[in-house]
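Visitor: Quick one: sequence and predicted model below, then my questions.
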Amino acid sequence: MRHLRLLEIAEREGSLTRAAQAVNISQPAASQAIAKLARIFGAPLLERVGNAAVATPEGKIVTRRARRALMHLRDPSLSPRGRARLVSDDLLERYASTTQLRVMALFALTGSFAATAQALGQTEASVRRASKDVEQIIGQSVLEGDQRKRTLSAAGTIVATRASLALREIDLAHSELRERQGVFDSRLVIGALPLARTQIVPHAAVSLLKKYPSATLEILDGSYEFLLQRLRLGACDMIIGALRDDTTDHDLLESRLFTDSLRVVARAGHPLAGRKISGQDLGRFPWILPRRDAPARRVFEALARSHGLDSGRLGHVETGSLVVLRGVMLASDSLTLISPNQISYEIDEGMMVPLDIVLQGAEREIGVTEQQNNMPGC
């Protein structure tokens, strides 16, 4: 990271000498650092034009990503407590090694030193030592809990998040350099919420791999909270599905794709199928409901209130799994509230049918959620 900081300053100042002075190293050491970066990225990054140091086309790619990586590492809340004169927002940028950052980023995903060490191919002792080194850098504890269960502290969570995003920028620099050589083998990680898993993401995956056959597409499923954590850690590039529209999440950018409508659905041959039904009819059968945090759950609660149903007394199964939903629906008289787009196959095959009841406020926005100021590869 210190080498990337040196490169960024040299490109901005047009002088490797001034960059060396800024990071407090000698001119020969600065030249060696830039040469090492060139070997790592597989291309010369700076060239001399007259008396100025100018970034090569490859150097501009790396410098742009380095600038973003270093920006991610800055946070004034990571200054040592009780040492006001040392307050600085660039402690990680100045003093943390790439290995230390990788340890923090992986610990946030794995939750254990053993799994982190295995992922890095290091000993558990070295991984623990790296976390201690980070504590020394920021002057705060990055872990809390006892020896049996260690979790990230508030400061540790900030470090892990910022480390993950910074390391992602470096990975994307490598991808962009390969793309410049005509090799489109980038990795894209998409978090798919329930609606997106059946049509949107599969169709997009087919289109993407036709255009970039060497690319890798990883599709994550899980709860919105799980995917959001991965998004904020840089382990997921975007989430596709129902938008939350939470204005308190200033670090997120939501882009609308289309408006979807929910319907009450039952199995084919259900006692309510094929006839006009009332709200009271809905209280006679058990329900399969989305998770409590899902936008569709809020629609159901509004539906229950509008028809005088006590949602707390209705028997129900709570799941985000379409496989579970299908299995319970086809084997019982349960009802569910779901988008017809999500079960288009079951409807086309005559396995499930939307019921004839008017719903108010059953629309929800479907779209893409990303980090603010995201600059993905390709």
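Guide: Received, thanks. It should be emphasised that the depicted structure is a prediction, and the values quoted were computed from it without experimental measurement.

Visitor: use CA for all of it now, contacts and neighbours both
Guide: Will do.

Visitor: mind listing what's buried in stretch 331-347?
Guide: Counting neighbours by 16 or more other C-alpha atoms under 10 Å, one finds that the buried residues in stretch 331-347 are 333-343, 346-347.

Visitor: no no, stretch 31-40
Guide: Using 16+ other C-alpha under 10 Å as the burial criterion, the residues of stretch 31-40 that qualify are 33-35, 37-38.

Visitor: And for that stretch, what's in contact with it?
Guide: Applying C-alpha atoms under 8 Å, 6 or more residues apart in numbering, the contact partners of stretch 31-40 are 3-4, 6-7, 16, 44-46.

Visitor: Show me which pair in the buried residues of stretch 331-347 is furthest apart.
Guide: D333 and N341 (21.1 Å; C-alpha to C-alpha).

Visitor: Just give the closest residue to V183, not the sequence neighbours.
Guide: In this structure, V183 finds its nearest non-sequential neighbour in S214, 7.8 Å apart by C-alpha to C-alpha, 6 or more residues apart in numbering.

Visitor: Quickly note the distance from that neighbour to E179.
Guide: 11 Å (C-alpha to C-alpha, to the nearest Å).

Visitor: likewise S31?
Guide: 27 Å.

Visitor: again with E225
Guide: For E225, the distance to E179 - C-alpha to C-alpha - is 33 Å.

Visitor: More neighbours: which of these two?
Guide: E179 (15 against 10; other C-alpha atoms under 10 Å).

Visitor: And that one, which helix or strand is it part of?
Guide: Using DSSP states H and E, E179 sits within helix 154-180.

Visitor: Which strands or helices does that helix pack on?
Guide: Helices and strands touching helix 154-180, by 3 or more C-alpha pairs under 8 Å, 6 or more residues apart in numbering; DSSP states H and E, are helix 57-72, helix 98-110.

Visitor: Just the buried residues of it, please?
Guide: Buried, per 16+ other C-alpha under 10 Å, within helix 154-180: 155-170, 172-178.

Visitor: Just the angle for that helix relative to helix 98-110, thanks.
Guide: Relative orientation of helix 154-180 versus helix 98-110 (axes from the mean of the first three to the mean of the last three C-alpha atoms, to 10 degrees): 110 degrees.

Visitor: ok, then the element right after helix 154-180?
Guide: Per DSSP H and E, the first helix or strand lying C-terminal to helix 154-180 is strand 187-192.

Visitor: Can you list the strands that that next one pairs with?
Guide: Here strand 187-192 has these sheet partners by DSSP bridges: strand 216-221 (parallel), strand 238-242 (parallel).

Visitor: Tell me which of those strands sits most buried.
Guide: strand 238-242 (a mean of 25; mean count of other C-alpha atoms under 10 Å).

Visitor: next SSE after it?
Guide: Moving toward the C-terminus from strand 238-242, the next helix or strand (DSSP H and E) is strand 252-261.

Visitor: Sheet partners, orientation included, of that next one?
Guide: Strand 252-261 is paired, per DSSP bridges, with strand 363-371 (antiparallel).

Visitor: Can I get the partner strand in CSV? Just the C-alpha atoms.
Guide: What follows is strand 363-371 as a C-alpha-only set of coordinates in CSV (Å, rounded to 0.1, in the frame of the first residue of the first chain):
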residue,chain,number,x,y,z
GLU,A,363,-46.4,-2.9,-6.1
ARG,A,364,-42.7,-2.9,-5.4
GLU,A,365,-39.6,-1.6,-7.2
ILE,A,366,-37.1,-4.1,-8.5
GLY,A,367,-33.6,-2.9,-9.3
VAL,A,368,-29.9,-3.0,-8.6
THR,A,369,-28.2,-2.0,-5.3
GLU,A,370,-24.5,-1.0,-5.4
GLN,A,371,-22.0,0.9,-3.4
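
Visitor: and that strand, how far from the chain's centre?
Guide: 14 Å (C-alpha atoms, centre = their mean, to the nearest Å).

Visitor: Same question for stretch 11-29.
Guide: Centroid displacement of stretch 11-29 relative to its chain, using C-alpha atoms, centre = their mean, is 35 Å.

Visitor: mind putting the helices and strands packed on helix 154-180 in a markdown table, mean pLDDT and distance to I240 included?
Guide: Shown next, in a markdown table, are those (pLDDT from 0 to 100; distance: least, C-alpha to C-alpha, whole Å):
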| stretch | mean pLDDT | distance to I240 |
| --- | --- | --- |
| helix 57-72 | 96 | 24 |
| helix 98-110 | 96 | 21 |
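
Visitor: Nearest to Q27, out of those helices?
Guide: Nearest of these (C-alpha to C-alpha): helix 57-72, 19.1 Å.

Visitor: between that closest one and helix 154-180, how many degrees?
Guide: 170 degrees.

Visitor: distance between the ends of stretch 46-63?
Guide: The first-to-last residue distance of stretch 46-63 comes to 10 Å (C-alpha to C-alpha).

Visitor: which SS state does the residue nearest to V183 fall under?
Guide: coil (DSSP: H, G, I helix; E, B strand; the rest coil).

Visitor: so how far is H270 from L335?
Guide: Taking C-alpha to C-alpha, one finds L335 at 9 Å from H270.

Visitor: How far does the helix holding E179 sit from its chain's centre?
Guide: How far helix 154-180 lies from its chain's middle: 12 Å, per C-alpha atoms, centre = their mean.

Visitor: swap in stretch 92-104?
Guide: Per C-alpha atoms, centre = their mean, the centroid offset for stretch 92-104 relative to its chain is 20 Å.

Visitor: now do stretch 326-339
Guide: A distance of 31 Å separates the centroid of the chain from that of stretch 326-339, by C-alpha atoms, centre = their mean.

Visitor: Helix or strand for the spatially most central residue of the chain, just tell me which one.
Guide: Against the mean C-alpha coordinate of the chain, by C-alpha atoms, centre = their mean, the closest residue is L231 at 1.2 Å. According to DSSP H and E, L231 maps onto helix 224-232.
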